[in-house]
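**Q** this one's sequence-less:
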DNA sequence: CTGTTAGCGCATTCAA
DNA sequence: TTGAATGCGCTAACAG
């Protein structure tokens, strides 16, 4: 390792040429003779030289960076902990790095959503991928109505002016509920806090109940977490207020917490209570009982988010995508049901 | 929303003062009269003005950004999928954003580890948090021997010249193994691929066996994943080659995969086979049976990584930290054991 | 208290 | 085929 050459000027001096020649040589510009190019590139490599990104960005007015923005509910805990989000984030980081983009990970309180424009305005990021429209769809709409390079994870709404990639949550909610009906469940509760996307799942649940001629719906308000699900369920059971034979959980995490509480209380899943989750997180297949759920394919979702954004960046006109929401039937819901008369 | 003011110069013109005054006013420099400061800050706010980060970074020769580098094994799958890593990443993002730092998320093939210096050299990041020394400790040592602002997640090694935050993997491996011995296990296998950290856990496993007078160790080579663990275990069971009554799994994921395979084959956990995991991922407490494991506290770990790095950045002298590795006893390993004669 | 000036490192226009 | 000069937007030393 020879001495440190940290700027173009250093390299130029070392090579005995001008800065502009080095700049061109490094970008493999054909204006420069092949010989010079080779020589300079070799030199740069030898000295482990890399361009100063800030200077380059300033000059080029772009950043080669995509900001992934996580909008965090202010009253809930502020950390990024949802396994589904974390998992799709991993996919996005992969995809983006394959396209030679850097990923800037930022989290914002929901109510500060308006600040996210700054990443674009200050050329901090070339594009944005946003999670959490759930609690701030209206903010986003106000901000993103122009043709900005932004893709939002979540459901399309008629009002929204921005491009989204997401799954059909109403359909998903309907599917699991219908499935539980087919398994013979009579009293089916919906467990989850009704934020944006989960509210849609709830809506699907309602639709399915109504289609089955059931008038009463049951909502258990549980925020996204194992612990909360466990506690709420345990309390209900302790007070003898748990009267359901089926539960549509708004997420796999919630389903897991409930299953534990039920099991500790001596209830069998699925015999006494059939349960479905939502997301198909990695462990869903590996628990006992394995979890019936709606798959949200993180690989497909992440890839689609990235591709949509890159297409936008390339000037193509893009539209929102609705990903499929397949029902994955496993043990936690299967108990023969009516179909087996 | 008035017209777009995108640079300091624009703001200065609008305010009828010089650029430097605006610059100072925005940084709340007391050189500027309170009145002027207030006026300019109000103006900036009204126009939703933010500084251009690239220009600012270039001028200041710093970036207010921490790069989190994930070193990915080249022959394994390239994606960021380990739930433990993802979870600690969430914590880091939190902590860093509370300290007003941005997080640049980058993944690199292990063998390209030497490129990670560039983030520092080009002032792309003020500091680095690195995961995955496991497979590239020697590369890192070669790179990071200077007093660079870098903190590596993982175990300390005598050779390593860099600062680490991690848990005592040897101790952890020893603890679970001793625990299984206490539960009466006679033939205990270690399940996991022997990379850096897991090799240390394996070493602890060996120590515990030797201390118990057991000469034979059993190693099942399983990479980090549910699926691989499931397949390998299933194959062993199908061939009647699974002869263990205890398993020390190198990660919770592996434990889950194995438990599923065992359960499908009609083996009971913990009665027929007692199993321990490693990490204490969120679901560990919520599965059936709940998983005995070694806790790696992601909150503590992430916080410590960040604090150590920030201290380094502040010029303080810091040293490596070894976090506690508590044994969390749950159902998957408990079967009375010898102590109940 | 405020303004003028210079320069961070790079890409690019214009001139040679 | 190469070099000299300019400016991206910002901060800070120096002057006033």
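**A** Thanks, I have it. Worth saying up front: this structure is predicted, and the values here are computed from it rather than measured.
**Q** where does chain A come near DNA strand C, residue by residue?
**A** Applying Cβ under 7 Å from any atom of the strand, one finds that chain A approaches DNA strand C through A:6-9, A:19-20, A:23-24, A:26-27, A:51-52, A:55-56, A:58-60. For glycine as for every other residue, the C-beta is placed from the backbone atoms N, C-alpha and C.
**Q** and those residues, which of them are in helices?
**A** Judged by DSSP state H, the subset of those located in helices is A:8, A:9, A:19, A:20, A:23, A:24, A:26, A:55, A:56, A:58, A:59, A:60.
**Q** return the member of those residues nearest to chain B.
**A** Nearest to chain B among these, counting by Cβ to the nearest Cβ, is residue A:58 at 4.2 Å.
**Q** ok, and the closest non-adjacent residue to that closest one?
**A** Nearest residue to residue A:58, sequence neighbours excluded (Cβ to Cβ, 6 or more residues apart in numbering or on different chains): residue B:54, at 4.2 Å.
**Q** again, but for residue A:39
**A** In space, residue A:39 is closest to residue A:15, 6.9 Å off (Cβ to Cβ, 6+ apart).
**Q** same check, this time on residue A:203
**A** Leaving aside its sequence neighbours, residue A:203 sits nearest to residue A:170 (Cβ to Cβ, 6+ apart; 5.3 Å).
**Q** which helix or which strand is home to that neighbour?
**A** Using DSSP states H and E, the element containing residue A:170 is helix A:169-182.
**Q** I figured residue A:325 hits residue A:168, correct?
**A** Yes. In this structure, residue A:325 is within contact of residue A:168 by Cβ atoms under 8 Å, at 5.5 Å.
**Q** okay, these two: which has more neighbours?
**A** Using other Cβ atoms under 10 Å in any protein chain shown as the criterion, residue A:325 and residue A:168 rank with residue A:325 on top: 24 against 19.
**Q** let me know the secondary structure of that one.
**A** For residue A:325, the secondary structure call by DSSP: H, G, I helix; E, B strand; the rest coil comes out as coil.
**Q** report pLDDT for it.
**A** The model reports residue A:325 with a pLDDT of 92.
**Q** contacts only, for the residue of the stretch 51-200 of chain A found nearest DNA strand D.
**A** For the stretch 51-200 of chain A, the residue positioned closest to DNA strand D under Cβ to the nearest atom of the strand is residue A:59, at a distance of 3.8 Å. Contact criterion Cβ atoms under 8 Å, 6 or more residues apart in numbering or on different chains gives no residues in contact with residue A:59.
**Q** next SSE after the helix or strand bottoming out on mean pLDDT in chain A?
**A** Every helix and strand in chain A was compared by mean pLDDT, DSSP states H and E; the lowest is helix A:137-144, with a mean of 68. Going down the chain from helix A:137-144, the next helix or strand is strand A:150-153, by DSSP H and E.
**Q** that next one: partners in the sheet, and parallel or antiparallel?
**A** Paired with strand A:150-153 in the same sheet, following DSSP bridges, are strand A:127-131 (parallel), strand A:163-167 (parallel).
**Q** re the thing from before, neighbours of the residue nearest to residue A:39, how many?
**A** By other Cβ under 10 Å, the residues close to residue A:15 number 18.
**Q** please list all residues in contact with the closest residue to residue A:186 other than its chain neighbours.
**A** Closest residue to residue A:186 apart from its sequence neighbours, by Cβ to Cβ, 6+ apart: residue A:245 at 5.8 Å. Residues counted as contacts of residue A:245 (Cβ under 8 Å, 6+ apart) are A:185, A:186, A:187, A:188, A:272, A:273, A:274.
**Q** got it, and residue A:169?
**A** With contact set as Cβ under 8 Å, 6+ apart, residue A:169 has these partners: A:155, A:197, A:198, A:200, A:201, A:203, A:204, A:325.
**Q** what's the separation between residue A:324 and residue A:301?
**A** Per Cβ to Cβ, to the nearest Å, residue A:324 is found 11 Å from residue A:301.
**Q** who has more neighbours, these two?
**A** Comparing residue A:324 with residue A:301 by other Cβ under 10 Å, the one with more neighbours is residue A:301, at 21 against 13.
**Q** show me where chain A has strands.
**A** A:65-72, A:102-109, A:127-131, A:150-153, A:163-167, A:188-191, A:218-220, A:246-249, A:274-276, A:293-294, A:321-323, A:327-328 (DSSP state E).
**Q** quick one: contacts for the residue nearest to residue A:39?
**A** Counting by Cβ under 8 Å, 6+ apart, residue A:15 touches A:21, A:22, A:39, A:40, A:43.
**Q** which ones among these come in contact with DNA strand D?
**A** residue A:21.
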